[in-house]
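Student: Sharing a sequence plus its predicted fold:
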Amino acid sequence: MNGSGPGSPKPSTDPAPCGSESHPVLHEAATLWELVERRAKATPDRPFLLDEERRFCFGEITDWAERVAAGYLALGIGAGTRVTWQLTTRVESIVVSLALARLGAVQNPVIPFYREREVGFCLDQTRAQYYICPGTWKGFDFAEMAATVIAKTPRERAPRVLEAYDRLPEGDPATLPPPPSDGDEVRWLYYTSGTTSDPKGVCHTDRTLVAGAHGLAVALEMADPDVGSLTVPFAHIAGPDYIIALLLTGLSVVVVEHFEPASAIPLFERLGVSLVGGSTAFYNLFLAEQRKQPGRRIIPTLRVVAGGGAPKPPELFDLVRDELGAVLCHGYGMTEAPMIAQGGPGHSPEQLANSDGAPVVGMEIRIVASDGTPAAPGEEGEITVRGPMLFKGYTNPALNEVSFDKDGFYRTGDLGRMRPDGHITVTGRLKDVIIRKGENISAQEVEELLFGHPKIADVAVVGIPDDERGERVCAVVERAAGQPALTFDEMASHLRGLGLMAQKIPEQLEVVDALPRSETLRKVLKYKLRERYEAAPWSPPSR
């Protein structure tokens, strides 16, 4: 959108971020709103949220959020009110969330690409009293979808629908009650994306989110004169993780409503962005754009490419360094614990290439063997975690009994190794181990070996039910631009040349133009691949 929406403050005309000062006690704020107030008092005139045409300082956003909070209060939203919001990644959306935090409402952010089934599930599970949506966006009528969902809901439980896009409700901040003071009260409900079962409701507090963001800010050494970029949906757990990190450090962020490299990257260049990221798929998108302009850095100010959410082949570190001129700092987190481990600019190239970072500030990581005992150094086992950024449990209490051990460590369901240097390497999912004729095969191991082939842009390895083998190993590769399709013999020869045992070489190869991905961190949806190829005819190749 060009300019400010009706009722929004006049954007700052300050031409560039002013830098950052150290305020180490900010992360000790009891609530998110206390952090907002502390930041506004410390650096009121420093730019905070930037988009293509506008920039707003910390003081401006704080004042705006208070006026919007007063507007929502007049509409009946207050402390403890359950609000599901499904908003795009805009300045206005961040203001809505901060306004709800000022009121002490219980927020349930929902990714804007979700539709009737997922939205209906969240509204029902949270017993939402209000549903805030953008009206019509990208040709889709959210209000109409809400009406369809609500028509199936008992009248006494039907949420009130409010639209929020260019226009936000405003009121007199003098009407507001005191802000919330308990940072340990559950006020955030995130639902993990479901695959074969319903999503799980994850309960967070202001303190858990601030702790995660503090870990991110310290690990990435976020400091003057960094300018960040928000390319993933703000409704994802990574949204507040990043925004709170900027509140802690006093830095600014370029907000992109829907990430399209062709339009976003020139904007990042113009605004001097130094931090970009998202996930492995985003790294590859940035590399693809850079390769269109060899010899000229597409973002000259770029310092760090960071993210997580998916495995990172070691080769990507060198590609990002050599082609983008930046340091690739991959991390590890999840909805239940937004930050677990994170690579940082001060880590060695070997560590950044071959690990998923070191535990962030306050996080404890314990690797557990299959028999429940602590794994030996370098031994693979389940990753269990404990720390101040860990969620407070699921909305379904029955899930908590099997998700935590007696010491309060959360069982992530991920496999990994703790390196002698304290860095962690995620090796796969417990459920991503393919059992072929009794042999355990790590899908991630095969994926990383295949990724280096020049005919492969990306790859997913899945297990397909098989009467003879139990499961057969199926490699689904995304064809590299301008390359012919990889053949089965080429794949097998490549893996044998890298020393992979014959039993782990996939017996099925599928070449596709694009792997199915989620709309958030662009994760490959492996369940869709399993469904597709389980239903398709297949015959063993001749070897």
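Tutor: Structure's in. What do you need? Residues are numbered from 1 along each chain as shown.

Student: biggest helix in this structure, by residue count?
Tutor: The single longest helix within the chain, with elements called by DSSP state H, is helix 58-74.

Student: Determine the set of other helices and strands touching the helix or strand following it.
Tutor: Moving toward the C-terminus from helix 58-74, the next helix or strand (DSSP states H and E) is strand 82-85. Helices and strands touching strand 82-85, by 3 or more C-beta pairs under 8 Å, 6 or more residues apart in numbering; DSSP states H and E, are helix 91-103, strand 106-109, helix 116-126, strand 130-133. Heads up, the C-betas are built off the backbone N, CA and C, glycines and all.

Student: what sits up against the last one?
Tutor: Surrounding strand 130-133, the residues in contact under the criterion C-beta atoms under 8 Å, 6 or more residues apart in numbering are 75-77, 81-87, 96, 119, 123, 142-143, 146, 159-164.

Student: what mean pLDDT would you report for the helix or strand just after it?
Tutor: Sequence order places strand 136-137 as the next helix or strand after strand 130-133, per DSSP H and E. The average pLDDT within strand 136-137 is 94.

Student: How about stretch 398-412?
Tutor: Rounded mean pLDDT across stretch 398-412 is 93.

Student: now the helices: where do they sit in the stretch 401-543 of the chain?
Tutor: 443-451, 488-497, 526-535 (DSSP state H, counting those that start in this stretch).

Student: Please tabulate the ones you listed in a markdown table and include distance to V511 as additional columns.
Tutor: Shown next, in a markdown table, are those (distance: least, C-beta to C-beta, whole Å):
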| stretch | distance to V511 |
| --- | --- |
| helix 443-451 | 12 |
| helix 488-497 | 10 |
| helix 526-535 | 12 |
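
Student: winner for burial among those?
Tutor: helix 443-451 (a mean of 21; mean count of other C-beta atoms under 10 Å).

Student: partners of the lowest-mean-pLDDT helix or strand in the chain, with directions?
Tutor: Every helix and strand of the chain was ranked by mean pLDDT, DSSP states H and E. The lowest is strand 439-442, at a mean of 75. Sheet pairing for strand 439-442, assigned by DSSP bridges, gives strand 433-436 (antiparallel).

Student: Tell me which residues are up against the strand it pairs with.
Tutor: Outside strand 433-436, the residues within contact range by C-beta under 8 Å, 6+ apart are 415, 440-443, 461-463, 469-473, 503.

Student: Select from these every entry located in strands.
Tutor: Those of these mapping onto strands are L415, N440, I441, S442, V461, V462, G463, G470, E471, R472, V473, per DSSP state E.

Student: sorry, back to before: TSV for the helices of the stretch 401-543 of the chain, including mean pLDDT and distance to E170?
Tutor: Converted to TSV, those look like this (pLDDT from 0 to 100; distance: least, C-beta to C-beta, whole Å):
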stretch	mean pLDDT	distance to E170
helix 443-451	87	49
helix 488-497	92	59
helix 526-535	88	43
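
Student: who wins for proximity to W137 among the ones you listed?
Tutor: Of all the helices of the stretch 401-543 of the chain, helix 526-535 sits nearest to W137, with 24.8 Å by C-beta to C-beta.

Student: which residue is nearest the middle of this protein?
Tutor: Closest to where the C-alpha atoms of the chain average out (C-alpha atoms, centre = their mean) is A238, at 4.1 Å.

Student: Please report the distance of the residue nearest to that residue when sequence neighbours are not counted from Q290.
Tutor: Leaving aside its chain neighbours, A238 sits nearest to V232 (5.0 Å; criterion: C-beta to C-beta, 6 or more residues apart in numbering). V232 sits 20 Å away from Q290 when distances are taken as C-beta to C-beta, to the nearest Å.

Student: So which residues of the stretch 101-250 of the chain form strands?
Tutor: For the stretch 101-250 of the chain, applying DSSP state E, counting those that start in this stretch gives strands covering 106-109, 130-133, 136-137, 140-141, 160-163, 186-191, 201-205, 227-230.

Student: no wait, the stretch 301-450 of the chain
Tutor: 304-307, 327-334, 337-342, 358-359, 364-368, 381-386, 410-418, 424-429, 433-436, 439-442.

Student: The fifth one packs against which elements?
Tutor: To tie it back to what came earlier, the one meant is strand 364-368. strand 381-386, strand 410-418.

Student: pLDDT below threshold where in this structure?
Tutor: Along the chain, segments meeting pLDDT under 70 span 1-25, 193-198, 438-439, 519-521, 542-543.

Student: ok so, going back, which one, of the strands of the stretch 101-250 of the chain, ends up nearest to P388?
Tutor: strand 201-205 (9.9 Å).

Student: quick one: contacts of that closest one?
Tutor: 125-126, 183-192, 237, 335-336, 391-396.

Student: Name only those of those residues that count as buried.
Tutor: With burial judged by 16 or more other C-beta atoms under 10 Å, the buried subset of the contacts of strand 201-205 is 125-126, 183, 185, 187-191, 237, 335-336, 391-395.

Student: returning to that earlier point: can you list the helices and strands packed on strand 82-85 in a markdown table and add distance to L209?
Tutor: Below are these laid out as a markdown table (distance: least, C-beta to C-beta, whole Å):
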| stretch | distance to L209 |
| --- | --- |
| helix 91-103 | 10 |
| strand 106-109 | 10 |
| helix 116-126 | 17 |
| strand 130-133 | 19 |
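
Student: Figure out which of the ones you listed is closest to G325.
Tutor: Distance to G325, taken as C-beta to C-beta, is lowest for helix 91-103 among these, at 29.3 Å.

Student: My guess is P311 contacts T280. True?
Tutor: Yes: counting by C-beta atoms under 8 Å, T280 is a contact partner of P311 at 6.7 Å.

Student: Write the PyMOL selection for whichever of the contacts of strand 130-133 are buried.
Tutor: The buried residues among the contacts of strand 130-133 can be selected in PyMOL (16+ other C-beta under 10 Å) with this line:
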select buried, resi 77+81+82+83+84+85+86+87+96+119+123+142+146+159+161+162+163+164
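
Student: How far off centre is stretch 34-47?
Tutor: In this view, stretch 34-47 has its centroid 25 Å away from the chain centroid, taken as C-alpha atoms, centre = their mean, to the nearest Å.

Student: Mind listing what's buried along it?
Tutor: Those would be E34, L35, V36, E37, R38, R39, A40, T43, R46, P47, for stretch 34-47 by 16+ other C-beta under 10 Å.

Student: So which of those residues is the closest to V227?
Tutor: The nearest member of those to V227, counting by C-beta to C-beta, is P47 at 8.8 Å.

Student: Next up, phi/psi of the spatially closest residue to the closest one that is not a sequence neighbour, please.
Tutor: Distances taken as C-beta to C-beta, 6+ apart put S252 closest to P47, at 4.4 Å, once the chain neighbours are dropped. Geometry field for S252 lists phi and psi as phi -110, psi 160, criterion degrees, to the nearest 10.

Student: do the same with E221
Tutor: Dihedral pair for E221: phi 50, psi 50, per degrees, to the nearest 10.

Student: what's near enough to touch it?
Tutor: G344, P345, G346.

Student: Out of those residues, which comes closest to E66?
Tutor: Of all the contacts of E221, E66 sits closest to G344, with 35.2 Å by C-beta to C-beta.

Student: Just give the number of residues close to the closest one.
Tutor: When neighbours are counted by other C-beta atoms under 10 Å, G344 registers 19.

Student: if we can go back for a sec, so between V232 and Q290, which is more surrounded?
Tutor: Comparing V232 with Q290 by other C-beta under 10 Å, the one with more neighbours is V232, at 26 against 21.

Student: For H330, which residues are in contact?
Tutor: T280, A306, G307, G308, K312, G343, L352, D356, G357.

Student: whoops, I mixed them up, H423
Tutor: Going by C-beta under 8 Å, 6+ apart, H423 touches A341, H347, Q351, S355, D356, G357, A358.

Student: which residue packs closest to V473, ignoring adjacent ones?
Tutor: Excluding the flanking residues, the one nearest V473 by C-beta to C-beta, 6+ apart is P506, at 4.1 Å.

Student: likewise T412?
Tutor: Using C-beta to C-beta, 6+ apart, the nearest residue to T412 is I383, at 4.7 Å.

Student: Run a quick check on the one you found versus I365, I expect a contact.
Tutor: Yes: with contact defined as C-beta under 8 Å, I383 counts as touching I365 (6.4 Å).
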